[in-house]
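*Asks:* Turn this into a model:
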Amino acid sequence: MSKFIPRKFNIPDKRPDKNVYTNISVPTIFIDKIKALIKSGEYGKLEQELINTPVKLFGSDILFEVIQSELTETQKINIINLIRKKGLSLNVLDENSMPLIYYSVKLQLYDITKYEITKRI
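*Replies:* Next up, the predicted model:
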């Protein structure tokens with residue numbers, strides 16, 4: 001009788017890049033970091049964080065934080081555009097079932113309201 005000899009196989013790692021987050025595994029630490037940057041009004045750091053981090057955002061309330069922040073209107077439009085490129089829709093509702101355009105009209109943000117109307121599909 002022959003004796004069974006186990007062999008070690010080198011199975012290649014076929015996982016995707018470990019630094020890329022999918023829509024399932026967006027860490028809450030990243031969302032909290034983005035919200036903290038929005039609240040503090042640090043536009044440069046916020047823009048760099050959104051550009052450099054490969055994340056797809058789904059179902060987050062970051063857009064509402066941007067609208068209600070102390071950033072200027074052009075900065076808000078740039079951040080909203082970056083967030084849209086990350087996969088977050090403008091049609092998202094907040095916890096009170098209010099759309100984003102409601103807050104931009106309520107706060108009298110003309111340029112953001114115009115941007116939302118033109119980009120809404």
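
*Asks:* In a strand, Asn96, correct?
*Replies:* No: read with DSSP: H, G, I helix; E, B strand; the rest coil, Asn96 is coil and lies in no strand.

*Asks:* Neighbours of it, how many?
*Replies:* Asn96 has 6 neighbours, counted by other C-beta atoms under 10 Å. The way it works is simple: take the backbone N, C-alpha and C, and place the C-beta from them, glycine included.

*Asks:* Please apply the same query to Leu88.
*Replies:* Around Leu88 there are 19 residues (other C-beta under 10 Å).

*Asks:* my read: it touches Phe64, true?
*Replies:* No: the pair Leu88 / Phe64 is not scored as a contact, 11.0 Å apart, by C-beta atoms under 8 Å.

*Asks:* quick one: low-confidence parts of this structure?
*Replies:* By pLDDT under 70, the low-scoring segments of the chain are 1-27, 58-60, 121.

*Asks:* ok, 50 please
*Replies:* 13, 21-24 (pLDDT under 50).

*Asks:* separation between the spatially most central residue of it and Val105?
*Replies:* Nearest to the mean C-alpha position of the chain, by C-alpha atoms, centre = their mean, lies Leu57 at 3.8 Å. Here the criterion is C-beta to C-beta, to the nearest Å. By it, Leu57 lies 23 Å from Val105.

*Asks:* which other helices and strands contact whatever helix or strand Lys33 lives in?
*Replies:* According to DSSP states H and E, Lys33 maps onto helix 28-40. If you count contacts as 3 or more C-beta pairs under 8 Å, 6 or more residues apart in numbering; DSSP states H and E, helix 28-40 packs onto helix 43-52, helix 62-67.

*Asks:* mind listing what's buried in that helix?
*Replies:* By neighbour count on 16 or more other C-beta atoms under 10 Å, the buried set for helix 28-40 is 31, 34-35, 37-38.

*Asks:* roughly how far out does that helix sit from the chain middle?
*Replies:* Here helix 28-40 is found 10 Å from its chain centre; the criterion is C-alpha atoms, centre = their mean, to the nearest Å.
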